[in-house]
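**Q** coords below, sequence missing:
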């Protein structure tokens, strides 16, 4: 069982990395790109037989408190078998 | 006065802070990140560096270290805490200061002298700064772009919690003088009780003529004056 957490910069936060990647894509000829947001992906291995709901609750707490900073980032959490 | 200077794995300005305090004739000692108590101290400095390798986010891991729980308690009890550079990032991550510090606007590590306009001279961190004098203090950071949402910024302004803004040599707060893209050119702020402050520039690297500027001393001298006033008040 795994937890997958995707962390992205909030829209209101300056994302110079996303902007730079967007410019590079444009220079390379990939047209029609209207925005790039560079974030983080965290994969957490969970012991087999872990209670999915309990793991979701605990990792949601960890993601809010530690893995992401709610001042500047949003996250999506998913638990998969 | 006795200063505690925290020491995390990959702190690299801890000794500079200890030295700066001693140059001013006061005592400072290092407190290891695993310590659960600060001992008897008058103020805490959270120094610059790359605590825990800056992994995840700058300051994100240091914030949960045992010593930071003691610092939080110290601050909650009204104790004076100054965070410099990575120390500022740690205090923001810990929620002791509002906002966050993100990658510099140009994605570059900036290491240079900057000028700071002091916006509030009535605090324990600024009272000894000569009015109308832009401070010349160096920065050295890759993630010093201060961000806070509009509501937080409005509160910071209304409460006069913005202590320092990046400015030019004449004291003008301009976009060109902003080295990292910080909102409102913010270089340093205080909490709403004004006992906790943080700034990205390094007063610890600006406290001796040999280093090119002694303007950083004004910040430490302000803290010492406030602590002395407090201890006189306590004795009376």
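**A** It's in. Note that the structure is predicted; figures quoted are calculated from it, not measured.
**Q** The residue of chain A found nearest chain B - nearest residue in space that isn't next to it in sequence?
**A** For chain A and chain B, the shortest gap (CB to the nearest CB) falls at residue A:71, measuring 4.2 Å. Where C-beta positions appear, they are placed from N, C-alpha and C, glycine not excepted. In space, residue A:71 comes closest to residue B:100 once its chain neighbours are excluded; the distance is 4.2 Å by CB to CB, 6 or more residues apart in numbering or on different chains.
**Q** how far away is the residue of chain A closest to chain B from residue B:203?
**A** Relative to residue B:203, residue A:71 is positioned 25 Å away (CB to CB, to the nearest Å).
**Q** Looking at those two, which is more packed in?
**A** Shown here are residue A:71 and residue B:203; by other CB atoms under 10 Å in any protein chain shown, residue B:203 has more neighbours (29 against 19).
**Q** My read is that the more buried one contacts residue B:221, right?
**A** No - with contact defined as CB atoms under 8 Å, residue B:203 does not reach residue B:221; the gap is 10.0 Å.
**Q** And what about residue 75, helix, strand or coil?
**A** All of this is about chain A. Assigned by DSSP: H, G, I helix; E, B strand; the rest coil, the conformation of residue A:75 is strand.
**Q** and it, what is it in contact with?
**A** Counting by CB atoms under 8 Å, 6 or more residues apart in numbering or on different chains, residue A:75 makes contact with A:5, A:6, A:7, A:8, A:63, A:64, A:67, A:68.
**Q** For it, give the beta-bridge partners.
**A** In this entry, residue A:75 is beta-bridged to residue A:7, by DSSP bridges.
**Q** what do you get for residue B:208?
**A** With DSSP bridges as the criterion, residue B:208 is bridged to residue B:213.
**Q** Can you name the residues of chain B that neighbour chain A?
**A** Chain B comes close to chain A at residues B:56-57, B:60, B:64, B:92-93, B:98-100, B:102-107, B:145, B:147-149, B:181, as judged by CB under 8 Å from any CB of the partner chain.
**Q** Just the buried residues of those residues.
**A** B:56-57, B:60, B:92-93, B:98-100, B:102-105, B:145, B:147-149, B:181 (16 or more other CB atoms under 10 Å in any protein chain shown).
**Q** from those residues, which ones fall inside strands?
**A** If you go by DSSP state E, those have B:100, B:102, B:145, B:147 in strands.
**Q** For chain A, state which of the residues you listed is nearest.
**A** Comparing those against chain A with CB to the nearest CB places residue B:100 closest, at 4.2 Å.
**Q** quick one: residue B:125 is in a helix?
**A** No - going by three-state DSSP, the assignment for residue B:125 is coil, not a helix.
**Q** ok, now how distant is it from residue B:62?
**A** Taking CB to CB, one finds residue B:125 at 21 Å from residue B:62.
**Q** picking that back up, test my guess that the residue of chain A closest to chain B contacts residue B:101.
**A** No - in this structure, residue A:71 is not within contact of residue B:101 by CB under 8 Å, at 9.8 Å.
**Q** got a winner among the contacts of residue A:75 for most neighbours?
**A** With neighbours taken as other CB under 10 Å, the top of those is residue A:68, carrying 26 neighbours.
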